[in-house]
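Student: Dropping the sequence and predicted coords here.
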Amino acid sequence: MFRTLSYVGWALLLLAGCKSEPVEKAPVEKAEANAEAKAEEPAKPGELVVYVGRNLSLVKPLIEKFEKQTGITVKTRDGKSAELAALLVEEGDKTVADVFWAQDVDSLALVASKGLFAEVPEGVKFEASKLFTGRSPHWIPLSGRARLLAYNPKKIVASDLPKSILDLADEKYAGQVGWAPSNASFQTFVTALRAAKGEAAAEAWLRGLKDNGAKTYAKNTPIIKALGAEEIALGLPNHYYLLRQKATDADFPVEQTFFADGDIGNLINVSGAGITKGAGNRANAEAFLSFLGGKEAQQYFADETFEYPVRADVKGNARLVPLADLPRIAPELDLDKLGDREGTLALLQKVGLL
């Protein structure tokens, strides 16, 4: 039986796994220290307070467009999604946040499980593609991210690629795989693996790769760089990191592919947002979610960040596997059940990866 952590302890473990230096601050303090613009007071009429778990520089153009179109001033507090989720849990109904915009389902599921989100109004909802329907009534999906297999064709031929992510624990791939156990998107995958295959299977897979000499990197971008430098043959990133690299270097010598249809390695995660129950400016919050789910913002995700738009009527980037193919490729898994990052962090610690 794994030890149960407090939510502050949970986020603290995540921070400790992501940084090599000692963690000196609690997650709430970290979120405040990392914020470009701190939301220290409740928003006034004409303002909106958004806790942003996404890379602020990546989504700031959208926030600025919203401000320009509506005249609403957006005050942001940015940080890691897990930190901000912990902050919301600590603040409870006293939070100043009107909206929580998270990078991953884990953080959304945690906040929703604590009853801190209001139900999404009908007027905010939109027709999502089949892959993203049937989610929580307390938050909306905004963009999709796929896990897959990246590889260097000079290091491994296509016929030798594994059909399942579970095959990577085979001795055949010893010393060839790059992964990022401290990275949030990888940890979300492990949570999904635990949910789909069970605790024992997840532990066996992690130990198998560790014993096989899988090379550890801090996050996705270094994995892509290591593949290009032929340090490794195989890597486990999110889909858009290689696309961003190829946008600036079309000849970058790395390719990527999905595993066999339905494999857990093809996990499709989403970013999303919800309105807090105590939102001081509910109308502004609803307008913001409507904007993010609108065609203009959805096209921005497709064209500028290489993510999957979740609207059924928005065309995805031509460099992506078509959105219509994803329901066949993706594993059958309820993303709303991926809130147990505590258990994932405990397992990673047990295996010696954090």
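Tutor: Sure, I can see it.
Student: okay, CA-based contacts and neighbour counts for the rest of this
Tutor: Noted.
Student: ok, which stretches of this structure are strands?
Tutor: For the chain, applying DSSP state E gives strands covering 47-52, 73-78, 99-102, 140-146, 149-151, 177-179, 215-216, 234-235, 255-257, 268-275, 308-309.
Student: if we compare these, which one ends up closest to Leu87?
Tutor: Leu87 lies closest, by C-alpha to C-alpha, to one member of the strands of the chain: strand 47-52, at 9.6 Å.
Student: Give me the below-cutoff pLDDT ranges for the stretch 51-200 of the chain.
Tutor: Scanning the stretch 51-200 of the chain with the threshold set as pLDDT under 70 gives 129-130, 133-135.
Student: quick one, helices of it?
Tutor: Using DSSP state H, counting those that start in this stretch, the helices found in the stretch 51-200 of the chain span residues 56-70, 81-91, 105-113, 184-197, 199-211.
Student: so what's Ile232 up against?
Tutor: Applying C-alpha atoms under 8 Å, 6 or more residues apart in numbering, we find Ile232 in contact with Asn152, Lys155, Gly175, Gln176, Val177, Gly178, Lys215, Ala226.
Student: Spatially, what comes nearest to the third one if we skip its sequence neighbours?
Tutor: Think Gly175. Sequence neighbours aside, Gly213 is the residue nearest to Gly175 in space, at 4.9 Å (criterion: C-alpha to C-alpha, 6 or more residues apart in numbering).
Student: try the second one
Tutor: On the basis of C-alpha to C-alpha, 6+ apart, the spatially nearest residue to Lys155 that is not a chain neighbour turns out to be Ala233, at 5.1 Å.
Student: cool, Asp303 as well?
Tutor: In space, Asp303 is closest to Asn317, 5.8 Å off (C-alpha to C-alpha, 6+ apart).
Student: who wins for proximity to Ala146 among the helices of the stretch 51-200 of the chain?
Tutor: Ala146 lies closest, by C-alpha to C-alpha, to one member of the helices of the stretch 51-200 of the chain: helix 184-197, at 9.9 Å.
Student: May I have the phi/psi pair for Leu116?
Tutor: As for Leu116, its main-chain torsions (degrees, to the nearest 10) stand at phi -100, psi -10.
Student: State the number of residues packed around it.
Tutor: For Leu116, the count of nearby residues is 22 (other C-alpha atoms under 10 Å).
Student: Might one say that it is in contact with Thr95?
Tutor: No. Leu116 lies out of contact with Thr95 (C-alpha atoms under 8 Å); the separation is 9.6 Å.
Student: which residues do those two both contact?
Tutor: Looking at what touches both Leu116 and Thr95 (by C-alpha under 8 Å, 6+ apart), the common residues are Leu88, Gly278.
Student: Mind listing the residues bridging to Ala128?
Tutor: The partner list for Ala128 in beta bridges (DSSP bridges) reads Arg311.
Student: Nearest residue to Gly274 in space, please, no chain neighbours.
Tutor: Trp139 (4.2 Å).
Student: That neighbour contacts Thr276, correct?
Tutor: No. Counting by C-alpha under 8 Å, Thr276 is not a contact partner of Trp139; they are 9.7 Å apart.
Student: higher neighbour count, the two?
Tutor: Using other C-alpha under 10 Å as the criterion, Trp139 and Thr276 rank with Thr276 on top: 30 against 27.
Student: Against Glu199, how distant is the more buried one?
Tutor: 33 Å (C-alpha to C-alpha, to the nearest Å).
Student: Likewise for Leu206?
Tutor: 11 Å.
Student: Contact partners for the residue nearest to Gly274?
Tutor: Leu108, Phe117, Glu119, Val120, Gly272, Ala273, Gly274, Ile275.
Student: Give me the buried subset of these.
Tutor: Of the members of these, the ones counted as buried by neighbours, 16 or more other C-alpha atoms under 10 Å, are Leu108, Phe117, Glu119, Val120, Gly272, Ala273, Gly274, Ile275.
Student: what's the domain layout of this structure?
Tutor: What automatic domain parsing lists as the domains of the chain is 7-144+270-324, 146-267.
Student: In JSON lines: those, plus distance to Leu347.
Tutor: Shown next, in JSON lines, are those (distance: least, C-alpha to C-alpha, whole Å):
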{"stretch": "domain 7-144+270-324", "distance to Leu347": "12"}
{"stretch": "domain 146-267", "distance to Leu347": "7"}
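Student: Look at stretch 87-97 and report the distance between its end residues.
Tutor: Length of stretch 87-97, first residue to last, C-alpha to C-alpha: 10 Å.
Student: Not counting sequence-adjacent ones, nearest residue to the residue nearest the centre of the chain?
Tutor: In the chain, the residue lying closest to the centroid (C-alpha atoms, centre = their mean) is Asp104, at 3.4 Å. Once flanking residues are discounted, Asp104 sits nearest to Ser271: 4.9 Å by C-alpha to C-alpha, 6+ apart.
Student: pLDDT at the one you found, what is it?
Tutor: Each residue has a pLDDT score; the one for Ser271 is 92.
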